[in-house]
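Asks: Task: produce atomic coordinates for the following.
(one chain, ligands or ions: 1)
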Amino acid sequence: MAIIGAGPAGLTLANLLQRSGVDCVVLERRRRSYIEHRQRAGVLEHRAVRMLEEWGLGDQVLAGVPVDGLLEFRIDGVPRHLDVPALAGGRHSRLMPQQVLVQRLIMAFETGGGDLRTEAEGVALHGLDEDRPVVRYHDAAGMGRELACDYVAGCDGFRGLSRRSVPEGALTTYAYDHGVGWVTVLADTPAPRRPLLAVSEHGFAAHFPRGPHASRYYLECTPGETPAAWPDDRIWKQLRLRLGDDDLPVGSVTATSMVEMRSYVVDPMSYGRLFLVGDAAHVITPMGGKGMNLALSDAETLAMVLRAAVRDGDCSALRTYSTTCLRRTWDYQDFSRWMMEMVHDAGDASRHGPFRRELARARLARLFESAAAATAFAVLRAGVD
Ligand SMILES: Cc1cc2nc3c(=O)[nH]c(=O)nc-3n(C[C@H](O)[C@H](O)[C@H](O)COP(=O)(O)OP(=O)(O)OC[C@H]3O[C@@H](n4cnc5c(N)ncnc54)[C@H](O)[C@@H]3O)c2cc1C
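Replies: Residues are numbered from 1 along each chain as shown. Just a heads-up that it's a prediction; the model follows:
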């Protein structure tokens, strides 16, 4: 098995295949130090936590990682809390920065004797619709290499080559621009006491922990804006205004970037002996915190069907990979879109007018007035089957 990409999808798959006795090699374009420090997501949903525990990775990957608790919606400066784990039947997620997950998955894989090859340049896939695909690349020393394998897992993210290696017309593409802009900021500031989503007429903002001494912030902005439009003083001024917190601690901003607020899904998530996993097959906005979790969920589904095919000789399961993953993908795309409409429309009425604003406010209020609505939300947030 050749795995292209050492992000959350590729490394999870590699660990699960290792535990299944299926040989695999991971090829990663970047340096190891780069992938171990790339900061993105921060929540490992309950479903992913349970999966890691069930596969015997709990001790190595989850040790010391805090569990989640209350989720705060701050509406016009007034805090409202949802006890998501309790509403989801006592199921906790974990507050785990993506780079920590990647570091630990690499350590677990290599401790088990895994083969991770970083700085693999010019990866090219051949014979994907034949019995024995071939992967060619140049290693860190610039030597041309070739790997013959039974299957290829394209875990190389949205901009990777795997999806682009599929002949035109073989995949149906669904793309959607959500019509909002977000700027995101990483800063060395104390983590918030709890993940926080703020709704107000000034626009949406959010504050999430990224370890004990770092935070990720999101701010709604005009689509098409660039980081140059968001100097530090504007960031802090707008955060204080939108979070309704004049005392919000200011810290050093370590990264400011624009988030592409779009969704993308391909169907099917496979072609011949190539299986697309995680962002290589679908992207989702950060709203709802599902991108990294979908990557892990795809990886587990693929590990199970490959184990059945390679170890037990049952290739029929391979045909279920795409439909199983797409069901969850669309469920989460809907959750993300639902949340996005709610927190954006309920704020600045100039977006879609006062009627949509009142609809979104009703949706938001229902979370705190209806136990059934709160539970439905919590179950999706925690990722309960
Ligand atoms: C700012 C931001 C915030 C986010 N917040 C959240 C969140 O709160 N919750 C959440 O769940 N998700 C979040 N996400 C999404 C999440 O980070 C992604 O969904 C997740 O990284 C997908 O994992 P992956 O392994 O599929 O892809 P990636 O993490 O993109 O990994 C792909 C890997 O493949 C490598 N690669 C690419 N091309 C090649 C090639 N040609 N050859 C070899 N290797 C290659 C890349 O270097 C990379 O290491 C966020 C994303 C961003 C950008």
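Asks: Just the pLDDT for the residue sitting furthest away from the middle of the chain.
Replies: Relative to the centre of the chain, the most outlying C-alpha is that of M143, 33.4 Å out, by Cα atoms, centre = their mean. M143 carries a pLDDT score of 98 in this model.
Asks: measure it to G122 for me?
Replies: 12 Å (Cβ to Cβ, to the nearest Å). C-beta: built from backbone N, CA, C; applies to glycine.
Asks: Residues of the stretch 201-350 of the chain that sit close to the ligand?
Replies: For the stretch 201-350 of the chain, the residues in contact with the ligand (Cβ under 6 Å from any ligand atom) are 259, 278-279, 286, 289-293, 295.
Asks: if we go to 5 Å?
Replies: The stretch 201-350 of the chain has residues 278-279, 286, 289, 291-293, 295 near the ligand, with proximity defined as Cβ under 5 Å from any ligand atom.
Asks: Do I have it right that Y217 meets T184?
Replies: Yes - if you go by Cβ atoms under 8 Å, Y217 and T184 touch, sitting 6.8 Å apart.
Asks: And the two? Which one has more around it.
Replies: Y217 (25 against 19; other Cβ atoms under 10 Å).
Asks: Test of understanding: give the bridge partners of the more buried one.
Replies: V185, H207 (DSSP bridges).
Asks: Could you report the separation of it from A206?
Replies: 7 Å.
Asks: Secondary structure element holding the closest residue to the ligand within the stretch 51-200 of the chain?
Replies: Closest approach between the stretch 51-200 of the chain and the ligand, counting by Cβ to the nearest ligand atom: G157, at 2.7 Å. According to DSSP states H and E, G157 maps onto no helix or strand at all.
Asks: who's in contact with it?
Replies: 5, 7, 278-280 (Cβ atoms under 8 Å, 6 or more residues apart in numbering).
Asks: Domain map for this structure?
Replies: For the chain, automatic domain parsing gives the domain ranges 2-68+93-176+262-337, 178-261+346-382.
Asks: Among those domains, pick out the one with the most neighbours on average.
Replies: domain 2-68+93-176+262-337 (a mean of 19; mean count of other Cβ atoms under 10 Å).
Asks: can you give me the helices in the stretch 101-250 of the chain?
Replies: 232-243 (DSSP state H, counting those that start in this stretch).
Asks: how about the residues of the stretch 1-150 of the chain near the ligand?
Replies: 5, 7-9, 28-30, 35, 40-41, 123.
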